[in-house]
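Asker: give me a 3D structure for the following:
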Amino acid sequence: MKRALAPAAILLLLAVAGCATTPRDTPRDEPRATSGNPPFYEVNGRRYVVLESSAGYVEQGVASWYGPDFHGKRTATGETYDMHAMTGAHPTLPLPAWVRVTNLQNGRSVEVRLNDRGPFSKNRIIDLSRAAAERLDMIRTGTAMVEIRSLSSASAAPAPPSADRFYAQAGAFADEDNALRLAARLREAGIAGVSVSDLRVDGRRLFRVRAGPVASVAEFDALIERLRAAGAESPRLAVN
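Answerer: Got it, this is the predicted structure:
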């Protein structure tokens, strides 16, 4: 026969439950974790410098996800990785940090708490938990073109609309001649769809060198490698 709980015991259980469910699924500013935030670290011969703040951070690129092989293991912050939670891994943002991730190929958005480091290969900019990847509808493909936008209280902003034209930006220059020289070098390397365009950023005129568009992550990866081989140092995803 089950024993009935006394009122005092019920109140105690409710209090404990309230503490246990203090929402980690609500975006908010959190203090830097005592682990996972060195000034810099190296993986596979590449150095990553951890940023001082996530405020104002916006990045576009390719997302991947990680699941059962890591479920239950320790994250960079020392927490346990739960593939069913809305979390993610980033190479340089301070941990923990809240970001909004938007799948630019279908317009879906999720808010995730970054508590791990990675990814470290193939032009990827974020690794998402399985739960986050499911909501973005990228489980089947394994990857997606995304935008990461910080949800720091100083920079929270609505997600952008979905876009359907993706390019690889080979460089951006204040000097138009430098942009034209890079564009010519890329064309000589046989890269199609190279263009130079200009825009104003903070009152300055910049000349962007782009190639594309690309229709998939696989095309983007292949184009990035060709751009690097032709002399573009840090090509990245650009959305029209």
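
Asker: only C-alpha atoms for contact and neighbour calcs from this point on.
Answerer: OK.

Asker: surely residue 205 meets residue 199?
Answerer: Yes - counting by C-alpha atoms under 8 Å, residue 205 touches residue 199, with 5.7 Å between them.

Asker: higher neighbour count, the two?
Answerer: The residue with more neighbours, out of residue 205 and residue 199, is residue 205; 14 against 11, by other C-alpha atoms under 10 Å.

Asker: in the protein, which residue is closest to the centre?
Answerer: Nearest to the geometric centre of the chain sits residue 126, at 3.8 Å (C-alpha atoms, centre = their mean).

Asker: contacting residues around it?
Answerer: 62, 63, 64, 65, 88, 89, 90, 91, 118, 119 (C-alpha atoms under 8 Å, 6 or more residues apart in numbering).

Asker: just after the one helix or strand it maps to, pick out the following helix or strand.
Answerer: Residue 126 belongs to strand 124-128 when elements are defined using DSSP states H and E. Where DSSP H and E defines the elements, the next helix or strand beyond strand 124-128 is helix 130-135.

Asker: count of neighbours near residue 144?
Answerer: Here the count is done by other C-alpha under 10 Å, and residue 144 has 24 residues near it.

Asker: that one pairs with what?
Answerer: Beta-bridge pairing for residue 144 (DSSP bridges): residue 63.

Asker: where exactly do the helices run in this protein?
Answerer: 7-20, 130-135, 176-188, 217-229 (DSSP state H).

Asker: tell me the buried residues in the third one?
Answerer: The reference is to helix 176-188. The neighbour-count check on helix 176-188 (16 or more other C-alpha atoms under 10 Å) flags 176, 179, 180, 182, 183, 185, 186, 187 as buried.

Asker: and residue 87, what pLDDT?
Answerer: At residue 87, the pLDDT value in this model is 98.

Asker: looks like it contacts residue 115 (just checking).
Answerer: Yes - counting by C-alpha under 8 Å, residue 87 touches residue 115, with 6.8 Å between them.

Asker: who has more neighbours, those two?
Answerer: The neighbour comparison of residue 87 against residue 115 (other C-alpha under 10 Å) goes to residue 87, with 28 against 25.

Asker: which of the helices of the chain has the lowest mean pLDDT?
Answerer: helix 7-20 has the lowest average pLDDT among the helices of the chain, namely a mean of 36.

Asker: low-confidence stretches in the chain?
Answerer: The chain contains residues with pLDDT under 70 at 1-25, 154-164.

Asker: how far away from the center of its chain is stretch 56-75?
Answerer: 8 Å (C-alpha atoms, centre = their mean, to the nearest Å).

Asker: how about it: buried residues?
Answerer: 57, 59, 60, 61, 62, 63, 64, 65, 66, 67, 71, 75.

Asker: which non-adjacent residue is nearest the first one?
Answerer: By that I understand residue 57. residue 150 (5.2 Å; C-alpha to C-alpha, 6 or more residues apart in numbering).

Asker: sheet partners, orientation included, of the strand ranked longest in the chain?
Answerer: Criterion DSSP state E: the longest strand present in the chain is strand 204-214. Strand 204-214 has the following strand partners under DSSP bridges: strand 166-173 (antiparallel), strand 195-201 (antiparallel).

Asker: got the angle between the shortest one and helix 176-188?
Answerer: Put simply, strand 195-201 runs at 150 degrees to helix 176-188, going by axes from the mean of the first three to the mean of the last three C-alpha atoms, to 10 degrees.

Asker: which other residues reach strand 195-201?
Answerer: Here strand 195-201 has contacts from 179, 180, 183, 205, 206, 207, 208, 209, 210, 211, using C-alpha under 8 Å, 6+ apart.

Asker: just stretch 168-177 next, same as before
Answerer: Taking C-alpha under 8 Å, 6+ apart as the rule, stretch 168-177 contacts 179, 204-213, 220, 223-224, 227, 232-238.
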